[in-house]
Each structure stands twice: as structure tokens, then as C-alpha cells.
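# Take this sequence and fold it.
(2 chains)
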2 protein chains.
Amino acid sequence: MPSIFSSPNPILFGIGTAKETGARLKELGCSKVLVVFDQGVKNAGIADKVLESIHAAGIKTVCYDNVLPDPPDWSVDEAGALGVKENVDGVVGIGGGSSMDTAKAAKILLTNPPPINQYFGRQGVVKTAGKPLIVIPTTAGTGSESTPGGVITDTKRNVKDVVAGIGCAVTLGIVDPELTISLPPAITASTGMDVLCHAVESFTSKRSNSFCDVLAREAITLVGKHLAIVCQDGSNVEARAGMLFAGSLGGMALSGPLCHLGHDIGKPLGANFHIPHGTACATCLPQAVEYIAPAVPEKVKFIAEALGSNVPGNATAEETGLIACEAIKGLMREINLPNLKSYGLTKEQVLAVAPEVMKLGLELAPMPTTEAVVRNLLDRAYDEN
Amino acid sequence: MPSIFSSPNPILFGIGTAKETGARLKELGCSKVLVVFDQGVKNAGIADKVLESIHAAGIKTVCYDNVLPDPPDWSVDEAGALGVKENVDGVVGIGGGSSMDTAKAAKILLTNPPPINQYFGRQGVVKTAGKPLIVIPTTAGTGSESTPGGVITDTKRNVKDVVAGIGCAVTLGIVDPELTISLPPAITASTGMDVLCHAVESFTSKRSNSFCDVLAREAITLVGKHLAIVCQDGSNVEARAGMLFAGSLGGMALSGPLCHLGHDIGKPLGANFHIPHGTACATCLPQAVEYIAPAVPEKVKFIAEALGSNVPGNATAEETGLIACEAIKGLMREINLPNLKSYGLTKEQVLAVAPEVMKLGLELAPMPTTEAVVRNLLDRAYDEN
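Below you'll find the predicted structure:
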């Protein structure tokens, strides 16, 4: 049975749209907003640009600029408390997934008592809409602007958990490629591979659906066309626009089908060895796509061709898988994505992750996933990528 | 400025999904539902199939089987009163746009006092979610399963108006190609052209956006591939699936960009001369696409090619427009779509519609639309199509 499709987050996409932020907040009736971002966004001058637009609309701001990667619950509680103390009537999140997810969770705390970790749950604990929330991505990666929830680290249980539902719903995503121009090549590469993982994994998930397939195919095509370019020349606005659009499409595509092998293996790799999320999820992607080719040969053929490879008409599923694997490895080399060895890891350390992967309860890859399969993917990724 | 994209209606698409209706209603907590359809859906045995699934899940039903085209307010009031009297806790709408829109509006009346015409308004008058609503399209046309509101005829003011917002929100669209197999060729052709109009007009609207473009391109491609086939061989399930999927995509694509010349001219044509909606909207589509080609030449080229025509690399915008016009005319001939003359109309009668078209306040075509332009399109459509 395919998954159900919907994409409820309203998204405004286009070059220069961030300048609209103030006007949109005014339309939403806001007079003072909590603006949530991290030091990177601040230092790149991006927060100031958005703040300028907000102030120009006559709206006051109070900034929470201490967003952290894998946002911890206490940081969300801090941001929420600041918003309550300052009596704001809206939230703006600017940045990558961490900033947008912190903003989503902080919005809950504007109208519900702290701490945030009482509101975890994929179905959404809070049942009432809160204050307006605008999120503004500055990386082409997470796609959090188009997803229904936020991922927060529960520091007591030491696990990542999810806030979801109407209580943290996005009122508007403003998706402006100009804000991604200054992103350094290494982050561009890692977040760009996250986009590819979202699109490829949702496209090939056992729970894929026809609508997500359309969006995922477009995202994969855009990554094939633009990712290498933005890693070489970050100032190419057209290519930046293609990647940022692909990021939002990836977020839309994954909401029903969800991800599988790339993310399931990438999450413990990232957590254990401090590998950036996109890089970690991409680690086994080439080999995983090869592995699933017998189950979804036409889809794997599409992936290979969208990434610039030629698949002969008479290619077997296995041959198609091999071509797709090489295509993804080629892209990873082209964008200088760090491999496992470059993090100084031994193969033993890497293989030790397999049992943790199995604990995630893998169900969505279109081929059976045993611990032996995961070990084999890790083994090959260590040697080949 | 592009429009904002969102597609909040959850949609389950696939062959055989209608058999899930009862199970899905049970998940939603329903025990007795109002089932809304028309005599055509009843006579085709489609309502019985869905009712069987609902009863198999142990859910009771009460049927409102008197849905009318261009659903009048009093019919919605009847349906709503029946639901209240029978104390239902959910609604199911089965059919084309009229049945789905009647169901959407009747849902409002389950939890708000009648009559329905106090709830008109594009922003949504009712601010609270009501009972669960499942809509099940039986034509590949209106796309009402993916749009946020319903069109109801206000019989006092003698105008069509809109119910919208959370009060009539779709809880789930079940989109099953098997239900469209029995649709006669003439209705298949007319509703199929409605799909093409939604996709082409939203794709070329001044308010088009990148997300809708992706969905519209897919819909146009599917129409080019499948519409002629389903009009010749209605039992071709793959082609039926392609068209029904295109219909849902068309509904998603138009929600932000909205439609322009085809629908703006088609609405008064349909109302004055009792021409089916899709046929009426398609009347000037070939000539309208030719007219707008200088503004959006790449998009018009895509349309021509998706409908099977070859556009030379060095074609001017005007030449591209002409090729696209011929491609759409060719498709209309291939599916035996009735033209204006076949309705026994004189050219004078047809041209007399132009002032009514202008009253709609056309703004969304990418080229200027004067009354002279509209007259010219009607004049040419009368002679050429």
C-alpha cells in the first residue's frame, strides 16, 4: 500500500523572497517576533538581512542566536522562555535544520508551558495552533521548511525525538536562493548529499507514492544538474536556486515514504563519530542503491541517468545498480565529500555501528535488511568510497 | 511574485484503494457516515462498491444520492440536514466535482447551523475543523480531491460561490483508477480536457510557482500520453490511472496560480449554453496558448512537445505558439470533443459572451487580456476548432 501524500506547509520560493519577510509577518498580524538562528547565520550576515526586512515593516524583534547542532531540549526551552518573557506574537527561524527545528519547537512553548520534552511524539501532542511561524532555510539540505515536525535532542534520555502536529506547524516557508550564496563548499556538499539521500530514499522506499515520486525525480534531476556546480562556484545563483528548490522538494517527498538505508546507517554514524548529517547519510548510499536495484530497477535506472550516467537498454537490474552506484560515487568524489577513512576511522569502528542500525527497526528499504547486509554495505563503503 | 505553494489534502492514490474506504473511516473513529453521490455514480454501481467497503468495516451509512451539477445551495442544505437528522459522525463524497463539493459543504452543516450560503468566502468562514470527510473522485477532471474548497451555486444571487477553509477540509482523498473505468467516452473527453486546462493554465499563469510547475508539467505529460487512449478504450487501467493521477496533480497545481483564459472564457460559455465544464474551458485553449506564447515561449514549447509535437530548436515564440495550438486542436479532434458549432450556436451568440468574460476581472494570463483579445479568441475558436 502506498503512503498518503500531503504537503501542508505553505512555501514561497524565489530569488529575493527573503525581503518579503517583514511584509508577510505584518499580513499575519505580528508586531514583535522571536528570531531564531545560530552563530554561523549571524556571522554570514544573513540574519541581519532578514532582520532589516522585519524592522522595515515596523515589527520589533528579539533574537535567540544560540541555536546548536542536533538542537538540545534545554536550548529550545531557553528560546521559548525568551519569547514568553518578551511577549512575542510570532517566531522566525533562519538557518539549517537545527535553526528551523528549534524555531518550530520554541513556537510550541509560546502558548504551552515548558519544558519541550513533554511534547515529543510523531502524532503531535499539542492540538491547537499557536502563533505564526516563518522558517527561512539557508542551506539546501534538510528541507525542514516543508516537513511537518522538528527533531530535538532529549538530553535526559540522550536520544533524538520529534515534535510534530499543528502546535509547531509552519505558517510560511520563505525559500530564497540568495541566502545560500555564502555557504562554504564543504557544507554545501554535505547538505547537498542530504537532499540526494532524501530524494533517492523516499523514491525507492517501500512506502513510496506517485506524488512523492514526481517530486523526488525532480529533486534528483536538479541535484545531478547543480550540486557539482554549487560546490565549485557558490556564487552561481541559478545553480543555488536549483539546489535549494531540490531541498524543499526532498522535504516534501520524504514526508510519507520516509527514508531508509542511507539515513538509517547515517544516523548512528553521525552520532558516534561527529560526521555531518548529510555526509553520514551519503556514506552507504551508492552501495545501498546498488543493493536495492533488483527490487526497483526502473527507479535505480532513473537515478543513474539523472546523475549523468548512461544505462544501456538491455542492462540487467544488477548492471543498472552498479552503474548507479558508480554515478553516486563519482558525484561524491567530484564534490570532495569526506569518506570514512578521512575521519580517521578504522573499519572495525565502522562495522561496530551495524547493531545500532538494526535497533532502528529498518522496514522501508525495498530489499531485506539484515545485520549482514548492513555490515556488507559499511564494509564496501569503507573500501570503495 | 510567485504564488505560495501548499497541498494540504492528504491523498491516497492507487488501483484498489477504494476498498480501503471502510478501514480508513474506522481509523478516523467513524461509526455512521453520510455518503454523498449522484444518480450517475449510483447507476454505474460505483456507490455500491464503496458502500460495501464501508459496511464491511462495521460502519453504518445514510445516503444522499441527489447531487446535482453546479450543486445548488438547497441541495447542500438537504444533504446537511439529512446528516444532522441521522446523527452521522463523518461524510464520504463519491463522484465528480459536484459530489465532492456537495460533500465538502455538507460537512460544514454537520457542526454549524444551516443554510450553507452564510458560509461563502474564499478565506473560509468556519474556523473549526468538523467531522472527518473522505472524498473519492470518479472522474479524472475537477481535481476537487486536492483543492481546498468547494464551488456551490447560490440560487438567491444566481452566482457560483466558494466554501473554503478548515471547516470543509478534506481528511482523506481516496483516488482509485478502477472507479473511472466505466466512465463513458464523452465524459472522459470533457473531464480530461478540464485536467489539461488546469495544468496548462496554472503552468502559464502570472502567479505560477516552481512547485506547481513540476506538478503541472507531469499532468500535461500524462494527458498527452493517456487521454486519447482512455477515450478510445476506457478499460485500459494503466491509462485510466495516468489520467486520474493527472487530475489530482492538476488540482494541486492550480491552487496557488489559479487558472486564466481557458476557464475565464469557459465559465460563461458553460453557464449560458449548457456546455460541460471541461469542454467549455477547452473551447479557446488552443488559441489562448498560441496567444500567450510570446510571454512564456519555453512553457508553451513544453506543452507542444508533451502533446506529441516537434518544436524545432530555432522556432520563434510565434511559431512555437502555432505548433502548440495545432497540438491541442489535434487532441480535441482525436477525442471527438464537441465544438461550438456542434452545440448549434451562431458566431454572434458566442461573441456576445466576451463582455461577461471581462466582468470576471482577468488578471492571470501572462499577456494583456482586452475584450478585443477575448473576441478574437472566441472568433477563431468558432471557425478553427
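
# Which parts of chain A are strands?
For chain A, the strands defined by DSSP state E cover A:5-13, A:32-36, A:60-64, A:91-95, A:133-137, A:150-154, A:159-163, A:172-175.

# So the fifth one, near chain B or not?
What that stands for is strand A:133-137. No - contact of strand A:133-137 with chain B is not found when judged by Cβ under 8 Å from any Cβ of the partner chain; the minimum separation is 11.7 Å. Glycine gets a C-beta too; all of them are placed from N, C-alpha and C.

# Find the centremost residue of chain A, please.
The centroid of chain A falls nearest to A:Thr142 when counting by Cα atoms, centre = their mean (1.5 Å).

# Note down every partner strand of the helix or strand of chain A with the lowest mean pLDDT and its orientation.
For chain A, counting by mean pLDDT, DSSP states H and E, strand A:159-163 ranks last in confidence among helices and strands (a mean of 93). As defined by DSSP bridges, the strand partners of strand A:159-163 come to strand A:150-154 (antiparallel).

# May I see the buried residues of the strand it pairs with?
A:150-153 (16 or more other Cβ atoms under 10 Å in any protein chain shown).

# Which of those residues sits closest to A:Lys301?
Closest approach between the buried residues of strand A:150-154 and A:Lys301, by Cβ to Cβ: A:Val151, at 32.4 Å.

# State the distance from that closest one to B:Pro2.
Distance, A:Val151 to B:Pro2, by Cβ to Cβ, to the nearest Å: 29 Å.

# again with A:Glu78
Separation of A:Glu78 from B:Pro2 (Cβ to Cβ): 36 Å.

# circling back: so of the strands of chain A, which one's packed in deepest?
A comparison of the strands of chain A by mean neighbour count, using mean count of other Cβ atoms under 10 Å in any protein chain shown, puts strand A:91-95 on top with a mean of 31.

# what ranges of the stretch 151-300 of chain A fall below the confidence cut-off?
Residue ranges of the stretch 151-300 of chain A with pLDDT under 70: none are present.

# Just the helices from it, written as ranges.
Secondary structure of the stretch 151-300 of chain A (DSSP state H, counting those that start in this stretch): helices at A:185-204, A:210-232, A:237-254, A:261-273, A:277-282, A:285-292, A:297-306.

# Just put the ones you listed in JSON lines and tack on mean neighbour count and distance to A:Pro368.
Listed next are the helices of the stretch 151-300 of chain A as JSON lines, based on neighbours: other Cβ atoms under 10 Å in any protein chain shown; distance: least, Cβ to Cβ, whole Å:
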{"stretch": "helix A:185-204", "mean neighbour count": "27", "distance to A:Pro368": "14"}
{"stretch": "helix A:210-232", "mean neighbour count": "24", "distance to A:Pro368": "22"}
{"stretch": "helix A:237-254", "mean neighbour count": "27", "distance to A:Pro368": "22"}
{"stretch": "helix A:261-273", "mean neighbour count": "23", "distance to A:Pro368": "11"}
{"stretch": "helix A:277-282", "mean neighbour count": "27", "distance to A:Pro368": "21"}
{"stretch": "helix A:285-292", "mean neighbour count": "26", "distance to A:Pro368": "10"}
{"stretch": "helix A:297-306", "mean neighbour count": "22", "distance to A:Pro368": "17"}
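
# Now these in JSON lines, please, with extra columns for distance to B:Thr283.
As requested, the helices of the stretch 151-300 of chain A are arranged in JSON lines below (distance: least, Cβ to Cβ, whole Å):
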{"stretch": "helix A:185-204", "distance to B:Thr283": "39"}
{"stretch": "helix A:210-232", "distance to B:Thr283": "29"}
{"stretch": "helix A:237-254", "distance to B:Thr283": "35"}
{"stretch": "helix A:261-273", "distance to B:Thr283": "50"}
{"stretch": "helix A:277-282", "distance to B:Thr283": "50"}
{"stretch": "helix A:285-292", "distance to B:Thr283": "48"}
{"stretch": "helix A:297-306", "distance to B:Thr283": "38"}
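
# Of those helices, which is nearest B:Ala169?
helix A:210-232 (18.0 Å).

# Can I get the closest one in PDB, CA atoms only?
What follows is helix A:210-232, C-alpha atoms only, in PDB (Å, rounded to 0.1, in the frame of the first residue of the first chain):
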ATOM      1  CA  SER A 210       3.200   8.500  -7.000                       C
ATOM      2  CA  PHE A 211       3.100  12.200  -5.900                       C
ATOM      3  CA  CYS A 212       6.300  11.900  -3.900                       C
ATOM      4  CA  ASP A 213       7.900  10.100  -6.900                       C
ATOM      5  CA  VAL A 214       7.200  13.100  -9.100                       C
ATOM      6  CA  LEU A 215       8.800  15.500  -6.600                       C
ATOM      7  CA  ALA A 216      11.700  13.100  -5.800                       C
ATOM      8  CA  ARG A 217      12.500  12.600  -9.500                       C
ATOM      9  CA  GLU A 218      12.700  16.400 -10.000                       C
ATOM     10  CA  ALA A 219      14.900  16.700  -6.900                       C
ATOM     11  CA  ILE A 220      17.300  14.000  -8.100                       C
ATOM     12  CA  THR A 221      17.500  15.600 -11.600                       C
ATOM     13  CA  LEU A 222      18.200  19.000 -10.000                       C
ATOM     14  CA  VAL A 223      21.000  17.500  -7.800                       C
ATOM     15  CA  GLY A 224      22.500  15.900 -10.900                       C
ATOM     16  CA  LYS A 225      22.500  19.200 -12.700                       C
ATOM     17  CA  HIS A 226      23.500  21.600 -10.000                       C
ATOM     18  CA  LEU A 227      25.300  20.100  -7.000                       C
ATOM     19  CA  ALA A 228      28.800  19.800  -8.500                       C
ATOM     20  CA  ILE A 229      28.400  23.400  -9.800                       C
ATOM     21  CA  VAL A 230      27.500  25.000  -6.500                       C
ATOM     22  CA  CYS A 231      30.400  23.200  -4.800                       C
ATOM     23  CA  GLN A 232      32.800  24.700  -7.300                       C
END
